[in-house]
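> Show me how the following folds:
(chains A and B, ligands or ions: 2)
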Amino acid sequence: MFRPPMAENPPAVEIRDLVKDFKTSFRRKPLRAVDGVSIRIMPGEVYGLIGPNGSGKSTTMKALLGLVAPTSGNCAIFGKDSLKVDSRNEVGFLPENPYFYKHLSGAETLRFYGRLCGIGGKILTQRVNELLALVDLEGARDRRIGGYSKGMLQRIGLAQALIQEPRLVILDEPTAGVDPVGSRQIRDLILKLRERGITVFLCSHLLEQVQEVCDHVGIIFRGRMIREGRLEDLISIEDQTDIVLKDATPELLAQIGDLVSKSPGASIVRTGKPRTTLERLFLREIREEEE
Amino acid sequence: MSTPASIPMQGSNASRILTIATHTFTQLVRMKVFYFMGIFAVIAIASNFFDLPQHEGPESVGASVLRSIKSWSLGAMTLFSVVLSIVATALLLPKDVEDRTLYTILAKPVPRIDYLAGKLLGVLLLVFVSLALMDLLMVAVLQIRTTMVVAQQAEMAKAMGWPQDAIDSLRADTLASGPNAALQGAVLAVFLRAVIMASLALLISTFSSSTLFTTIVSFLVYFIGHFQADARDIYLHSGQAGEGLFARLASLLLSLVLPDFQLFNVIDAVIEGQALPLLTMGKLALVSLYYALFFTIASWFVFSDKEF
Ligand SMILES: Nc1ncnc2c1ncn2[C@@H]1O[C@H](COP(=O)(O)OP(=O)(O)O)[C@@H](O)[C@H]1O
Ligand SMILES: [Mg+2]
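Numbers count the residues shown, from 1 in each chain, chains lettered A, B, ... in the order given. Ligands and ions are numbered 1, 2, ... in the order given. Below you'll find the predicted structure:
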């Protein structure tokens, strides 16, 4: 594909000082949904935007896709202005709570979106099969979308977003309303995308999931970005170290305690049994039940 | 998923529009409500098969039976095509916005005009196919009934001892009331009117957010379109000479945005057995094309600034 030499390696996402006001009613002053947000995502990164409901995550994504026009500031995808149609060649989008045409089957849905991207013929058929396999919906390919469960809808939505092999995928609350098994599937899919070098921009209010897949995060609150950076930098506690032991005897623990107390400045903050997360416990139990 | 960015094609506008159009067509076909409408229209036309003519003075009854079949069938087609084009168009946009399917479409490299044109074309495709089916049925009914009437008239004329040239001219008259090119022109005119109405409904639905509003306003414009020319004439000839130029200009402006459906009175003329000159047909097609383009471009202007 032809690329102008100037933009050798533009960021996958470049949002500069985005402000978005919504008119609420005639008299009241407009509602500021996004207030001076800047985000830059380099190719290959997985970026998680987290924040409570109504903090402007979806609006930021819609502005990036040209679905809403910024009040001020600008957005670009791989260096192309979001308000231009061609910026959408290399991006796939999964909206919040997606609904697709109920009268189409899963395979027909993917074919439809593929044709919109200008793919056709054998390539499209092959692509549809690949994606149905990727999102584990081969068994439901000829069923009408109207009968899909929430998790299936979310996965067909993800497949739809990937139909033209975009280099950037934008996911708005990809696991909202999906049960833990389904959301684990979606998480694994996102990790697969990351392995393939696809840039992912996702938002969620489920912190744990963001923590599992993202390498960069931004925290948005009431339309403002309040914290941003590499996940490791944000959540590591620099002056502490974890040691997890298996089958340690009380004597060994006592010895370790002695060692620590002998070294100047160091101290044990806490000992105890590490807890699994509720999500992990739940998944493990189900898996054991299945076997 | 082998190599990212390995798909160089983007597709043309035409192929995208066609994709959306065929999708819209399937979507409408799979909505059962339009089946029922279609079945009713078919029954309305087919019922002419069974309404057998009375045996009273066939030389006058014959032609009027054929006329009523045409009038009844074209009426059913008009009703069906106008309702279908308004309601279907009014339904599509709000549905896509509500189900958020519009996001997924516009998040693909699809210009908004392609989306609108595709939707419109999909509705028109359905109207066209339905009208073609009804047309086929109407021609079949009319053909059969014409043959029957001709046979009856011949029998009657022979019994009454008419001279041969009188019989021939009666036969020619009756045949002229049967299926002919003018009738096909009338069906085409019905379709053209539906084209105008669908593109008008498209325009209204880009700034209204409810199907009901779009439907009601479209029907209002449809009825206004039928008497706006009368209203204009009355106004122009009501003796306000001083404002003549201004009024003329205003009415010209009005007719640029508001279709004058009296142009479609040619359909009634065809029912009465008159010919439909090619020139009239061409003019009708041009006028319809103008309104359809005007409304579609106007809806594009509204739609391109829309946020969802
Ligand atoms: N189309 C709209 N019209 C008016 N207000 C809107 C619109 N879209 C979003 N908002 C408002 O903007 C704020 C941010 O919304 P959103 O971006 O959807 O939040 P999030 O996705 O983080 O939950 C909310 O207060 C919401 O009510
Ligand atoms: Mg949201």
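> Going by C-alpha atoms from here, please, whenever you check contacts or count neighbours.
Will do.
> tell me the helices in chain A, going along the chain?
A:57-64, A:106-116, A:121-134, A:150-161, A:180-195, A:207-213, A:231-235, A:250-262, A:278-290 (DSSP state H).
> what about the shortest one, average pLDDT?
Averaging pLDDT along helix A:231-235 yields 76.
> Just the residues contacting it, thanks.
Helix A:231-235 has contacts (Cα atoms under 8 Å, 6 or more residues apart in numbering or on different chains) with A:211, A:214-217.
> Identify those among the residues you listed that sit within strands.
With DSSP state E as the criterion, strands contain A:216-217 from among those.
> Could you find the lowest-pLDDT member of the contacts of helix A:231-235?
Minimum pLDDT for those is recorded at A:Gln211 (83).
> and the closest residue to that residue other than its chain neighbours, how many neighbours?
If you skip the residues right next to it in sequence, A:Gln211 has A:Leu231 as its closest partner in space, 7.4 Å away by Cα to Cα, 6 or more residues apart in numbering or on different chains. For A:Leu231, the number of neighbouring residues by other Cα atoms under 10 Å in any protein chain shown comes to 19.
> where in the chain is pLDDT low?
In the absence of a named chain, chain A is used. Scanning chain A for pLDDT under 70 picks out the ranges A:1-8, A:238, A:275-283, A:285-286, A:291.
> Chain B is the one I meant
Low-confidence segments of chain B (pLDDT under 70): B:1-11, B:50-62, B:235-244.
> Residue of it nearest ligand 1, please.
As assessed by Cα to the nearest ligand atom, ligand 1 sits closest to B:Phe308 within chain B, at 5.6 Å.
> And for that residue, the neighbour number?
Here the number of neighbours of B:Phe308 (other Cα under 10 Å) works out to 12.
> quick one, what contacts the residue in the stretch 201-308 of chain B that chain A sits nearest to?
Scanning the stretch 201-308 of chain B for proximity to chain A using Cα to the nearest Cα identifies B:Glu307 as nearest, at 4.9 Å. Counting by Cα under 8 Å, 6+ apart, B:Glu307 touches A:67-69.
> Including neighbour count and distance to chain B, could these go into CSV?
As requested, the contacts of B:Glu307 are arranged in CSV below (neighbours: other Cα atoms under 10 Å in any protein chain shown; distance: Cα to the nearest Cα, whole Å):
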residue, neighbour count, distance to chain B
A:Leu67, 22, 6
A:Val68, 20, 5
A:Ala69, 22, 7
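> any idea which of those is closest to ligand 1?
Among the contacts of B:Glu307, and counting by Cα to the nearest ligand atom, the member closest to ligand 1 is A:Val68, at 8.5 Å.
> Quick check: the gap between the closest residue to the closest one other than its chain neighbours and A:Tyr99.
Distances taken as Cα to Cα, 6+ apart place B:Glu307 nearest to A:Val68, at 4.9 Å, with adjacent residues excluded. Distance of B:Glu307 to A:Tyr99, given as Cα to Cα, to the nearest Å: 18 Å.
> Can you pull the residues of the stretch 151-291 of chain A lying near chain B?
Proximity of the stretch 151-291 of chain A to chain B is confined to A:164-167, A:198 under the rule Cα under 8 Å from any Cα of the partner chain.
> Please repeat the previous calculation with a cut-off of 7 Å.
By Cα under 7 Å from any Cα of the partner chain, the residues of the stretch 151-291 of chain A that approach chain B are A:165-167.
> Can you name the residue of the stretch 101-250 of chain A nearest ligand 1?
Proximity of the stretch 101-250 of chain A to ligand 1 (Cα to the nearest ligand atom) peaks at A:Gly223, 7.1 Å away.
> now that residue, nearest residue through space, not along the chain?
Leaving out its chain neighbours, the residue that sits closest to A:Gly223 by Cα to Cα, 6+ apart is A:Val34, at 4.0 Å.
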